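In: I need the structure of the sequence given here:
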Amino acid sequence: MADPKEGATLKTGHEEGLKFAVSILEEHGLPLGLLPLANVIEVGFVKTTGYMWILQAKKVEHNFKMIKKLVSYDLEITGYVEKKRIKKLKGVKAKELMLWPPVNDISIEDPPTGKIHFKSLAGITKVFPEEAFATGQ
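Out: Numbers count the residues shown, from 1 in each chain. Here you go, the predicted structure:
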């Protein structure tokens, strides 16, 4: 099996990695606050396949205040980024009552409605206002 990281652009260190991750989200029409990262070690992106990975020094839990949703970001986050979507996402979980089902697909409606969809393998789909994931929320 081919290495999904082959041909990747790689940025290391928190400043460069965070800037790179945000630029990837921006380029694909995704909310810039979608990945509130801390202590980034490296961010890689393969433009031809859309494969992205992020390595962090520690797990991050972020509370999106507007929608009162606690989201957990693992040490390693991977997925395939395309226009208005991240699929086959690994390393992100959103708290639902007492459970933390993994989020594996994030998409924005096209044409834009201001809504963002989160799907889990468990079949749970949640829809939130896109602005809840703007930078600084």
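
In: shaky segments in the chain?
Out: Residue ranges of the chain with pLDDT under 70: 1, 136-137.

In: buried residues in the longest strand seen in it?
Out: Longest strand in the chain, counting residues (DSSP state E): strand 69-82. Buried residues in strand 69-82, counted by 16 or more other Cβ atoms under 10 Å: Lys69, Val71, Ser72, Tyr73, Asp74, Ile77, Thr78, Gly79, Tyr80, Val81. Just so you know, the C-beta spots here come from the backbone N, C-alpha and C atoms, and that holds for glycine as well.

In: Show me the two of those residues that sit farthest apart.
Out: Largest separation among the buried residues of strand 69-82 by Cβ to Cβ: Lys69 and Tyr80, giving 23.1 Å.

In: if I look at Tyr51, how far off is Lys59?
Out: Noted for Tyr51: a distance of 22 Å to Lys59, by Cβ to Cβ, to the nearest Å.

In: Of the two, give the one with the bigger neighbour count.
Out: Tyr51 (20 against 12; other Cβ atoms under 10 Å).

In: related to what we said a few turns ago, can you name the element that comes right after the longest strand of the chain?
Out: strand 85-94 (DSSP states H and E).
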